[in-house]
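Enquirer: fold the following.
(chains A, B, C, D, E and F)
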6 protein chains.
Amino acid sequence: MAKPRKETGRAFMVGRFQPFHNGHLAVIKEILKENRSIIIGIGSAQYSHTLKDPFTAGERHLMISSSLEQEGIYNFYLVPIEDVNSNPLWVAHVESLTPGFDRVYTNNPLVRRLFQESGYEVRSMKLLNRKDWSGTSIRKKIISGEDWKSDVPKAVAEIIEEIDGVTRLRELTQSDE
Amino acid sequence: MAKPRKETGRAFMVGRFQPFHNGHLAVIKEILKENRSIIIGIGSAQYSHTLKDPFTAGERHLMISSSLEQEGIYNFYLVPIEDVNSNPLWVAHVESLTPGFDRVYTNNPLVRRLFQESGYEVRSMKLLNRKDWSGTSIRKKIISGEDWKSDVPKAVAEIIEEIDGVTRLRELTQSDE
Amino acid sequence: MAKPRKETGRAFMVGRFQPFHNGHLAVIKEILKENRSIIIGIGSAQYSHTLKDPFTAGERHLMISSSLEQEGIYNFYLVPIEDVNSNPLWVAHVESLTPGFDRVYTNNPLVRRLFQESGYEVRSMKLLNRKDWSGTSIRKKIISGEDWKSDVPKAVAEIIEEIDGVTRLRELTQSDE
Amino acid sequence: MAKPRKETGRAFMVGRFQPFHNGHLAVIKEILKENRSIIIGIGSAQYSHTLKDPFTAGERHLMISSSLEQEGIYNFYLVPIEDVNSNPLWVAHVESLTPGFDRVYTNNPLVRRLFQESGYEVRSMKLLNRKDWSGTSIRKKIISGEDWKSDVPKAVAEIIEEIDGVTRLRELTQSDE
Amino acid sequence: MAKPRKETGRAFMVGRFQPFHNGHLAVIKEILKENRSIIIGIGSAQYSHTLKDPFTAGERHLMISSSLEQEGIYNFYLVPIEDVNSNPLWVAHVESLTPGFDRVYTNNPLVRRLFQESGYEVRSMKLLNRKDWSGTSIRKKIISGEDWKSDVPKAVAEIIEEIDGVTRLRELTQSDE
Amino acid sequence: MAKPRKETGRAFMVGRFQPFHNGHLAVIKEILKENRSIIIGIGSAQYSHTLKDPFTAGERHLMISSSLEQEGIYNFYLVPIEDVNSNPLWVAHVESLTPGFDRVYTNNPLVRRLFQESGYEVRSMKLLNRKDWSGTSIRKKIISGEDWKSDVPKAVAEIIEEIDGVTRLRELTQSDE
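Expert: Residues are numbered from 1 along each chain as shown, chains lettered A, B, ... in the order given. Below you'll find the predicted structure:
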């Protein structure tokens, strides 16, 4: 239904950020060229300690805010968003947790569709260096011992060290025997 | 946000219907004068077997559909709606469970507010004979043994008999000693 | 445990109805030959906007009731049933949401088993034209652009058009790049 | 519906046991005179650290099993039971968590009603010394510093000491200023 | 159990912030004198549109971050925290959503107790002008039309205006007739 | 964080026990050589009636307690543990449901990791005859009709017979046609 709405200059994007990497940072900088501020949703917030989702929402919160501060970026809102397991409720769930926003940036077809059906403007993001700058690829490098620190902001590498994230990921790969 | 929407001729109302009574029936008839069909939400669907909510959603479903059929009314949709315990998700929850609708009939300030903030037209209902035609009053009469059958459609009285609802209500009033 | 029970003449069946098709319609007509009325459970009610479950419970509700009305069938109860994610609670969950019923029609081994362990009579259904009349096959045809409208009641085709369901399904197939 | 059932010689009772006291113990002994074994459900298992429900399910588990062992009673099954917030699902929830049983002992009208509607035999319990042997009264004594240890089995007093339960209860009474 | 932990210089506090007011701001400034940064938990995040909890988590997020920015405070982390309805899980829930922290500031006896049992240092906060600077009192003033804007930071007054919060609160007080 | 803790002499292990078999029994005996008592968590307690999880928590409770009693083992605590679907809450969930314990026995990397991050001592278990003594292998044998009774304690075989578990498992393998 038609909700009355004021222009806020705010954009919304969501990711799992497992972990936050240089590709995410580049996208955020791009979005901030077109918007006054950005709301960053930390998706699947309740999950952690799996190979696909190793880091807690709190650890990811720290990764993102520390990285953005290192870049001198302060016009962002960080919001953990737990999955609701019901797609038709998801946009309302996001709206309840975030300051109002004008547009959504996503390349995910489901996220695009859900926000479009709710009447939002949705824009795509240009992704750079997808081979290296992807969570999947970085988690694999962490496990195998390849260099991954050059794919993430310095703050992220420090936090993963501090919480002993490398050991956590490697232990989770061990078989149950 | 602004959702594109086609005129459907459908109205929405929601109640707990503990039990369905003559006042509900009168309201539905009024609404159908202004609308092609009506969606009737059975609220707090997951609750039953308490003094405030004695009947299951299924029992209430049967009460309403039987009563409307006795009146020759067929242009209705009956939808049980479980509470979601988060007001900002409630309208999306209702929308996901119901066919689309154009307007909402309610006298409840929260329901009114939530639908208005989502851009819906909300209308009030004129309630008749509020002294007798209220769930609270009818449940009291059932417990105390006063006449309650004249306050509900014939089908409702039959169903409450059939499921032995009078005994259920009276047993629930007993103290825990 | 043994519950006292009166003969109601009602049958129960459950499906996901993604979407409702001619096979479902044929089965319902068969069941109504042996029973006074039918309760149709819309399963996995909370899901939508995925390739496997594209339509909301409300959209499916409308598909089924419109199709049955086009056939002049009015002796049915439509009940959305959310998954409870705990098999041993599922029959009680269904019972709480539906009018009482005498027997269950299903070909699903889990549904059969759960109702049998609760003491219900369970009957199988003869399925016709399984190649074309299956949700999976129809969703594939919608995506690929093959003719699918001849596999569903006229009302279903109209509703899918109206909610732009074809675009929804196709967009959900796009890759996340 | 009618479930086939074998005689098991097991009884079921449920309580919150905040804390387990001499009245509970007396009731269990009575029930074991009429039954081969007893299933003891620890109700509202997910709650703790409130004035009404100070102890965790694990702490209550330990209180009960230690008290019964002190009495030389071993023919019991202890099962924590989280509230499901939907009365019509509650009996199925209990059944899924417990070994099968033949009869239920309760003085609670809701528990009685729910099990009766599911076809169980339900018996009342004679409660002794209700003035002193009640959770409410014992929690008040713990807070005010009156003697409460004579109202509970020795093992319970020891466990409450060990987990510093007296301090926990008193701190929870402090106002938020 | 003993978790290894590094000094982080971070403090944690939690509130419902319905709405954020001058008392909250004063407390945050005090805490930041003793700590490098502060994590502010927005409690009962899923609730809104009631007289006790009128504002969504997103609206409260905006109130707090705008107020702190007006004061030139940037060393804070804002984290919405949904109730988990199980006290013994609450600290782990908070820990999963927040960056690590060294100490907790609270005057709430339950929050104090739960964090103490998990081994945290807990400090009290000195509250100023409790008569005017309390959520309850401010919500009453908003409803009755008394001056409330002098009790909240300027940013909060602007946001409540912008979302038409005064009307929302007043409508929610209307009776259901 | 550092929780104060007294030596309890209790060990914790968790399994799904679908079904309880000789390998489980051997492990429990080993653990009891090093500990005064053992807490046995029945994991994924809410699941049943699937090929992977055929038995309810209550049925598994009975299998385990009957088997241990046949062996004359009484120093155990049996606790059903429902999945919480959020790894960072899982240890607190277990702690709330169980008496306190000193160490954890597990070969599962996730369980090991979660308890280690909470400061617990974690030990591995030597598993014997993994080819035959595994739930997967035993469920396969039950379905195919091979001998499986020699892989489980006598009490388990009796209980599976009594609840007609063989038929349940076989019916669940049938295709949905």
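Enquirer: list the beta-bridge partners for A:Ile39.
Expert: When assigned by DSSP bridges, A:Ile39 has beta-bridge partners A:Phe12, A:Tyr77.
Enquirer: surely it meets A:Pro99?
Expert: Yes: the criterion here is C-beta atoms under 8 Å, and A:Ile39 meets it with A:Pro99 at 6.3 Å. (Glycine included, C-beta is placed from N, CA and C.)
Enquirer: overlap in contacts, these two.
Expert: Applying C-beta atoms under 8 Å, 6 or more residues apart in numbering or on different chains, one finds that A:Ile39 and A:Pro99 are jointly contacted by A:Arg10, A:Tyr77.
Enquirer: run through chain A and note the low-pLDDT ranges.
Expert: For chain A, the stretches flagged by pLDDT under 70 are A:1-6, A:175-177.
Enquirer: all the helices of it, residue numbers only.
Expert: For chain A, the helices identified by DSSP state H occupy A:22-34, A:57-70, A:87-97, A:109-117, A:135-144, A:154-162, A:165-173, in order along the chain.
Enquirer: okay if I get those helices as CSV plus distance to chain C and mean neighbour count?
Expert: CSV is the format used below for the helices of chain A (distance: least, C-beta to the nearest C-beta, whole Å; neighbours: other C-beta atoms under 10 Å in any protein chain shown):
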stretch, distance to chain C, mean neighbour count
helix A:22-34, 13, 17
helix A:57-70, 19, 24
helix A:87-97, 4, 22
helix A:109-117, 4, 20
helix A:135-144, 12, 17
helix A:154-162, 22, 18
helix A:165-173, 23, 16
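Enquirer: need the ones you listed in CSV with distance to chain D, can you?
Expert: Rendered in CSV, the data for those read as follows (distance: least, C-beta to the nearest C-beta, whole Å):
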stretch, distance to chain D
helix A:22-34, 37
helix A:57-70, 22
helix A:87-97, 19
helix A:109-117, 28
helix A:135-144, 34
helix A:154-162, 31
helix A:165-173, 27
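Enquirer: so which of the ones you listed gets nearest chain F?
Expert: Evaluated over these, closeness to chain F peaks at helix A:165-173, with 5.2 Å, by C-beta to the nearest C-beta.
Enquirer: the closest one close to chain E?
Expert: No: applying C-beta under 8 Å from any C-beta of the partner chain, one finds helix A:165-173 out of contact with chain E, separated by at least 12.5 Å.
Enquirer: list the helices and strands that helix packs on?
Expert: Under the contact definition 3 or more C-beta pairs under 8 Å, 6 or more residues apart in numbering or on different chains; DSSP states H and E, helix A:165-173 sits against helix A:135-144, helix F:109-117.
Enquirer: and if we set it to 10 Å?
Expert: Of the remaining helices and strands, those touching helix A:165-173 by 3 or more C-beta pairs under 10 Å, 6 or more residues apart in numbering or on different chains; DSSP states H and E are helix A:57-70, helix A:135-144, helix A:154-162, helix F:109-117.
Enquirer: let me know the angle separating the longest one from helix A:165-173.
Expert: So the one you mean is helix A:57-70. Here helix A:57-70 runs at an angle of 150 degrees relative to helix A:165-173 (axes from the mean of the first three to the mean of the last three C-alpha atoms, to 10 degrees).
Enquirer: distance between helix A:57-70 and the chain's centre?
Expert: Distance of helix A:57-70 from the chain centroid (C-alpha atoms, centre = their mean, to the nearest Å) equals 10 Å.
Enquirer: ok, it near chain F or not?
Expert: Yes: shown here: helix A:57-70 in contact with chain F (C-beta under 10 Å from any C-beta of the partner chain) through A:Ala57, A:Gly58, A:Glu59.
Enquirer: show me which of the residues you listed is closest to chain B.
Expert: Distance ranking of these against chain B, using C-beta to the nearest C-beta, places A:Ala57 first at 18.5 Å.
Enquirer: quick one: the closest one from A:Ala45, how far?
Expert: Distance of A:Ala57 to A:Ala45, given as C-beta to C-beta, to the nearest Å: 4 Å.
Enquirer: what's the answer for A:Thr56, then?
Expert: When distances are taken as C-beta to C-beta, A:Thr56 and A:Ala45 turn out to be 8 Å apart.
Enquirer: ok, A:Trp148 next?
Expert: 23 Å.
Enquirer: higher neighbour count, these two?
Expert: Set side by side, A:Trp148 and A:Ala45 show more neighbours around A:Ala45, with 26 against 22, by other C-beta atoms under 10 Å in any protein chain shown.
Enquirer: residue contacts, that one?
Expert: For A:Ala45, the contact set (C-beta atoms under 10 Å, 6 or more residues apart in numbering or on different chains) comprises A:16, A:53, A:56-58, A:60-61, A:79-83, A:97, E:79-80, E:82, E:96-97, F:86.
Enquirer: near chain B, which residues of chain A?
Expert: In this structure, chain A approaches chain B at residues A:1-5, A:84, A:86-93, A:95-97, A:100-102, A:104, A:115-121, judged by C-beta under 10 Å from any C-beta.
Enquirer: what residues are shared contacts of A:Thr56 and A:Ala45?
Expert: Residues touching both A:Thr56 and A:Ala45 (C-beta under 10 Å, 6+ apart) are A:Pro80, E:Ser96, E:Leu97, F:Ser86.
Enquirer: which one of these is nearest E:Glu69?
Expert: Taking C-beta to C-beta as the measure, A:Pro80 is the one of the shared contacts of A:Thr56 and A:Ala45 closest to E:Glu69, at 20.5 Å.
Enquirer: my guess is that closest one meets A:Val94, correct?
Expert: No: counting by C-beta atoms under 10 Å, A:Pro80 sits too far from A:Val94 to count as a contact (11.3 Å).
Enquirer: find residues that contact each of those two.
Expert: Joint contacts of A:Pro80 and A:Val94 (C-beta under 10 Å, 6+ apart) are A:Gly41, A:Gly43.
Enquirer: specify the beta-bridge partners of A:Val104.
Expert: A:Phe12, A:Val122.
Enquirer: that one and chain E: what is the separation?
Expert: Going from A:Val104 to chain E by C-beta to the nearest C-beta, to the nearest Å gives 15 Å.
Enquirer: pull the number of nearby residues for that residue.
Expert: Neighbours around A:Val104, by other C-beta under 10 Å: 24.
Enquirer: mind listing what it touches?
Expert: Remark: with contacts taken as C-beta under 10 Å, 6+ apart, A:Val104 is in contact with A:11-14, A:39, A:41, A:91, A:94, A:111-112, A:114-116, A:118, A:120-123, B:1.
Enquirer: now do 7 Å
Expert: If you count contacts by C-beta atoms under 7 Å, 6 or more residues apart in numbering or on different chains, A:Val104 has them with A:Phe12, A:Phe115, A:Tyr120, A:Val122.
Enquirer: tell me which of the residues you listed is nearest to chain E?
Expert: When the contacts of A:Val104 are compared for distance to chain E (C-beta to the nearest C-beta), A:Phe12 comes out closest, at 10.7 Å.
Enquirer: quick check: the closest one touching A:Ile39?
Expert: Yes: the pair A:Phe12 and A:Ile39 qualifies as a contact (C-beta atoms under 7 Å) at a distance of 4.7 Å.
Enquirer: give me the common contacts of the two.
Expert: Listed contacts common to A:Phe12 and A:Ile39 are A:Thr98, A:Phe101; contacts here mean C-beta under 7 Å, 6+ apart.
Enquirer: which bits of chain A sit near chain F?
Expert: Residues of chain A that fall close to chain F, judged by C-beta under 7 Å from any C-beta of the partner chain: A:Gln46, A:Tyr47, A:Ser48, A:His49, A:Thr50, A:Thr56, A:Arg168, A:Glu171, A:Leu172, A:Gln174, A:Asp176, A:Glu177.
Enquirer: could you pick out the buried ones from those?
Expert: Applying a neighbour-count criterion of 16 or more other C-beta atoms under 10 Å in any protein chain shown, the buried members of those are A:Gln46, A:Tyr47, A:Ser48, A:His49, A:Thr56, A:Arg168, A:Leu172.
Enquirer: all set now, cheers.
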